[in-house]
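In: Structure for this input, please:
(chains A and B)
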Amino acid sequence: MLKSSHRLWAGFAIPGTVWLIALFAVPFYVVACVAFGTIGPIFRDAVPQWSPLAWDFAQAQQIAISLAAGPLQGVALRTIFYVACAMVVCFAVGFPVAYYLARHAGKQKLMLLVLIIVPFWVNYLMRMLAWVNLLSTDGLFTRFMRIFGINYNWLDGSPVTVIIGLVYGYIPFLILPLFGTLERLDWRLVEAARDLGANSWQAFRLVTMPMSKAGIVAAGILIALPMFGDYYTNDLLSRSPSTEMIGNQIDFFLNASSQPQNGALLVLALSIFLLLFMSFYLRSTGQAARQTTG
Amino acid sequence: MGRSRNIKQTSPLVFMIWGYIIWSLVPVIIAVIYSFNDGRSRTVWQGFSLRWWFTDPYASIFHNAETRGAIGHSLVLAIVTLLVVTPLGITLAVGAQRMRGRGARLVQALTAAPLITPEIVVGAALLITFTRLFTAIPLGFAAQLLGNVTFSLSSVVVIVRARLVSIGASFEEAARDLGATRLQALRYALLPMLWPSVMASLVVVFATVIDDFVITSFLSAGVSSETVPLRIYSSVKGGATPALNALATLLVLASFSVLIVGLFGLAAWRKQQGERGGLRAALADVTQMDN
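Out: As a prediction, this is how the structure comes out:
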């Protein structure tokens, strides 16, 4: 009886699972087969090596060296630096906004929530296009800044523009989960701390933070992951090699060059780097779930 | 005294939240306004007109053959993705929720992974796969469909599973006690109650696919499979006219009309069924902010 029901539920899961194995798990293996494959002698095309026993790691070594100390090092470090800067700004702006919304918004809560959800639903490209318009040489923002004597070409390889672009693009995806975490907190505990003599900073640091830490970390990782793979923000707001991120290199090798093997290797390198964050994320969400239920 | 202290503390936060809202919305509103510019500029206002929307017989988005093609392609891709991913996601959610043991952990890991994998990784991996292993699937519509289903499947599973957890097992058990088979209990007791999560999934997947750029771009095969986001992306770089703003505005209108229909549908359903919730719960359904 129990066994038959188990089989029934497994049967429900089969179509979706097969789909994800074929089109999510298998593709990673194919990427590895191309990354560790060979280059065809005539067309110089990447030939996949299907047997892991015959994988050739020569090109992988080249790319690893290039990332660690060669031409790709700048791109790798820049990617990490841009994402780190964007994360700091995202939290500096996003946390107070989510905190206010969860804690002090009162009767305005639903209206503010709706206004904060709106950018979440506005297409990413539209939001970038809006800034391209404002920042172009005769754009409203550029003209406005000229009043103050600032004449700057914002769209010509400016790291500040790219970082602010990343913030603008991803911050809505941080604020909502943060708000969700903070709203679920048992604020009576914070009030208890205040009643026992903690000042507001102490209560925040000793009660609010530890209770919401797991949710905050999870929300941060949730936007850091796509930022590490971003290439279009950069492409739209700068288009200069001086601001290229790792995603731009992947896009270039796979879509615009005849070296897909390098593209495959960079996809693998990025995935391995991000696995670290992902495992951290899974741990944090596990903790957050325990915190709210237990 | 406590009250005055409170007000002093919150005032910079009020300033901050309104500053954020203005910063996040005003650039987009300006871009929408400029889609009605009478001139060819996207930055200098030259009077109001609908030329980039309707009236220009060649350059307006509803007359230009290329933008019309892109609009049609986007809509077909979104709708066909919905038709495939919804049943696949619901069955996977039910199965994953109730399976036990090692198989269950595998299924859970497989459904969680796409949610936290950057799109460029999924897009690049699928591009490599469709060009080297599954070569029967041509780049273009077929590959874009498979890619979008793969990427949005997990969000359907998350939304439906959250609903399954909140429903619990008691309704099905009651149906079983009254003589229903397992499948009958599923069909007549559980399925009708899943409706809000299905509606939320439809809204979320439609918006995801209609807005998708990365996967659709990696798996496209030139102009024949160009969607609206791809068209926007390639024209931002050139000296495009306000028709570009109009096209981007159209995309925003598409996701918002689906969102609003979905929200009111969800709120109405909840009210009719006597469930608590209203707009706040409906918003939580479609943004997954409580997950």
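In: for the chain, which spans come out with low pLDDT?
Out: Using chain A. Counting by pLDDT under 70, the low-confidence segments of chain A come to A:1-3, A:291-294.
In: actually chain B
Out: Within chain B, the segments meeting pLDDT under 70 span B:1-10, B:288-291.
In: which residues are contacting stretch B:218-230?
Out: Stretch B:218-230 is contacted by residues A:123, A:125, A:254-255, B:66-67, B:69-71, B:73-74, B:77, B:120, B:123-124, B:126-127, B:130, B:138-141, B:143-144, B:146-147, B:210-213, B:216-217, B:234, B:247, B:250-251 when judged by C-beta atoms under 8 Å, 6 or more residues apart in numbering or on different chains. Glycine gets a C-beta too; all of them are placed from N, C-alpha and C.
In: which residue does the stretch 101-250 of chain B bring closest to chain A?
Out: residue B:118 (2.9 Å; C-beta to the nearest C-beta).
In: tell me the contacts of that residue?
Out: A:225, A:226, A:228, A:229, A:230, A:247, A:270, A:274.
In: Could you list the buried residues of the helix or strand that contains residue A:290?
Out: In this assignment (DSSP states H and E), residue A:290 forms part of helix A:260-293. Neighbour counts using 16 or more other C-beta atoms under 10 Å in any protein chain shown place A:260-271, A:274, A:277-278, A:281-282, A:284-285, A:288, A:291 of helix A:260-293 among the buried residues.
In: in the stretch 151-291 of chain B, which spans are helices?
Out: B:170-177, B:182-185, B:191-211, B:214-218, B:228-236, B:243-272, B:278-287 (DSSP state H, counting those that start in this stretch).
In: To clarify, my last question referred to the stretch 101-250 of chain A.
Out: A:109-121, A:124-135, A:140-147, A:159-184, A:187-195, A:200-203, A:209-228, A:232-237, A:246-251.
In: Kindly reformat those helices as TSV containing distance to chain B.
Out: As requested, these are exported to TSV (distance: least, C-beta to the nearest C-beta, whole Å):
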stretch	distance to chain B
helix A:109-121	4
helix A:124-135	4
helix A:140-147	7
helix A:159-184	4
helix A:187-195	10
helix A:200-203	7
helix A:209-228	5
helix A:232-237	6
helix A:246-251	5
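In: export the ones you listed to a markdown table and tack on mean neighbour count?
Out: Listed next are those as a markdown table, based on neighbours: other C-beta atoms under 10 Å in any protein chain shown:
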| stretch | mean neighbour count |
| --- | --- |
| helix A:109-121 | 18 |
| helix A:124-135 | 23 |
| helix A:140-147 | 14 |
| helix A:159-184 | 22 |
| helix A:187-195 | 14 |
| helix A:200-203 | 14 |
| helix A:209-228 | 20 |
| helix A:232-237 | 24 |
| helix A:246-251 | 24 |
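In: got a list of what residue A:28 touches?
Out: Residue A:28 touches A:271, B:125, counting by C-beta under 8 Å, 6+ apart.
In: For residue 82, the count of nearby residues, please.
Out: Chain wasn't specified; assuming chain A. 22 (other C-beta atoms under 10 Å in any protein chain shown).
In: look at chain B instead
Out: 19.
In: Show me what the helix or strand where it lies is packed against.
Out: Taking DSSP H and E as the definition, residue B:82 sits inside helix B:65-98. On a contact count with 3 or more C-beta pairs under 8 Å, 6 or more residues apart in numbering or on different chains; DSSP states H and E, helix B:65-98 meets helix A:2-20, helix B:102-116, helix B:141-167, helix B:191-211, helix B:228-236, helix B:243-272.
In: Just the residues contacting stretch A:232-247, thanks.
Out: Applying C-beta under 8 Å, 6+ apart, the contact partners of stretch A:232-247 are A:75-76, A:78-79, A:82, A:124-125, A:128-129, A:131-132, A:135, A:155-159, A:161-162, A:165-166, A:169, A:228-231, A:248, A:251, A:266, A:270, B:118, B:120, B:213-214, B:233, B:236-237.
In: give me phi/psi at the residue in the stretch 151-294 of chain A that chain B sits nearest to?
Out: Relative to chain B, the nearest point of the stretch 151-294 of chain A is residue A:229 (2.9 Å; C-beta to the nearest C-beta). When read as degrees, to the nearest 10, the backbone of residue A:229 gives phi -100, psi 10.
In: my read: it touches residue B:121, true?
Out: Yes - applying C-beta atoms under 8 Å, one finds residue A:229 in contact with residue B:121, separated by 6.0 Å.
In: what sits in contact with each of these two?
Out: By C-beta under 8 Å, 6+ apart, the residues touching both residue A:229 and residue B:121 are A:270, A:274.
In: Next up, the contacts around the closest residue to residue B:67 other than its chain neighbours.
Out: Once flanking residues are discounted, residue B:67 sits nearest to residue B:61: 4.5 Å by C-beta to C-beta, 6 or more residues apart in numbering or on different chains. Contact analysis of residue B:61 by C-beta under 8 Å, 6+ apart lists B:52, B:53, B:67, B:68, B:71, B:243, B:246, B:247, B:250.
In: Residue B:61 and chain A: what is the separation?
Out: From residue B:61 across to chain A, the span is 14 Å (C-beta to the nearest C-beta, to the nearest Å).
In: Confirm that that residue sits in a strand.
Out: No - counting by DSSP: H, G, I helix; E, B strand; the rest coil, residue B:61 falls outside a strand, being coil.
In: For stretch B:260-279, list every residue counted as buried.
Out: B:262, B:263, B:265, B:266, B:267, B:270, B:277.
In: do the same with stretch A:27-42
Out: For stretch A:27-42, the neighbour count (16+ other C-beta under 10 Å) marks A:27, A:28, A:30, A:31, A:32, A:33, A:34, A:35, A:36, A:37, A:38 as buried.
In: The helix holding residue A:290 vs helix A:209-228, what angle?
Out: Helix A:260-293 and helix A:209-228 meet at an angle of 160 degrees, taking axes from the mean of the first three to the mean of the last three C-alpha atoms, to 10 degrees as the criterion.
In: Just confirm yes or no for helix A:260-293 near chain B.
Out: Yes - using C-beta under 8 Å from any C-beta of the partner chain, we find that helix A:260-293 touches chain B at A:260, A:263, A:264, A:267, A:270, A:271, A:274, A:278, A:281, A:282.
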